[in-house]
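> I'll drop the sequence and a predicted model, then ask my questions.
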Amino acid sequence: MAEKERKRPFDVALDYLTKCARSEKEIKDKLSQKGYTAVEIDDTLSKLKEYRFVDDGEYVKTFLGFYKNKFGKKQLELKLVTVKGIDKDLAKEIIDDVLSDDEEIEKATSFAKKYFAQKKLDFSRESIAKIGNWLYGKGFEWNIINKALSNLKMEIEVEDA
């Protein structure tokens, strides 16, 4: 009797997907948590992929649509790989396709400018290091950070002139 009352793993996965888009790993984890076997989980994922309800590549693009303006490439990649379980190569490839270095520099410069203003910093060596470290924590690479700091310095000099 209890076996008949238990939902099929496909139905559980569909219910889980109706709330928001999910990665393969998130669905695997949810089904595993509900006590389904590895065979049931694999069969369910195959069916979900066949119906195109689950596609990690599309998931990454959707994720980037929401978060690309909040973090740098490295932080986005870290979140996708460690938290969402996306394959590292897939995540990196799509992130590189979606975000250009010019966009990253522009975003990092904007972040640096806001941080500079909020913290009421001067342009001393310590302040530059503080901004650079903060940008690094947001997931920007050092080459992007250096260009953003140069842009920030030029903007500040123009405003002061």
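Sure, I can see it.

> With adjacent residues omitted, what lies nearest to the residue most central in space within the chain?
Nearest residue to the geometric centre of the chain (CA atoms, centre = their mean): Leu76, 3.1 Å. Nearest non-adjacent residue to Leu76, counting by CB to CB, 6 or more residues apart in numbering: Ile95, 5.7 Å away. (Each C-beta comes from the backbone N, C-alpha and C, glycine too.)

> Tell me the first helix or strand C-terminal of the helix or strand containing that neighbour.
Using DSSP states H and E, Ile95 maps to helix 88-98. Heading C-terminal from helix 88-98, the first helix or strand you meet, by DSSP H and E, is helix 101-118.

> and the helix or strand following that following helix with helix 101-118, angle?
Next in sequence after helix 101-118, counting helices and strands by DSSP H and E, comes helix 125-137. With axes from the mean of the first three to the mean of the last three CA atoms, to 10 degrees defining the directions, helix 125-137 sits at 130 degrees from helix 101-118.

> Can you report how many residues neighbour Asp102?
Neighbour count of Asp102, defined by other CB atoms under 10 Å: 10.

> Please parse this structure into its domains.
As recorded under automatic domain parsing, the domains making up the chain are 1-54, 56-99, 101-160.

> okay, the ones you listed in JSON lines with mean pLDDT next?
As requested, the domains of the chain are exported to JSON lines (pLDDT from 0 to 100):
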{"stretch": "domain 1-54", "mean pLDDT": "90"}
{"stretch": "domain 56-99", "mean pLDDT": "96"}
{"stretch": "domain 101-160", "mean pLDDT": "91"}
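
> where does the helix holding Ile95 sit relative to the chain's centre, distance-wise?
11 Å (CA atoms, centre = their mean, to the nearest Å).
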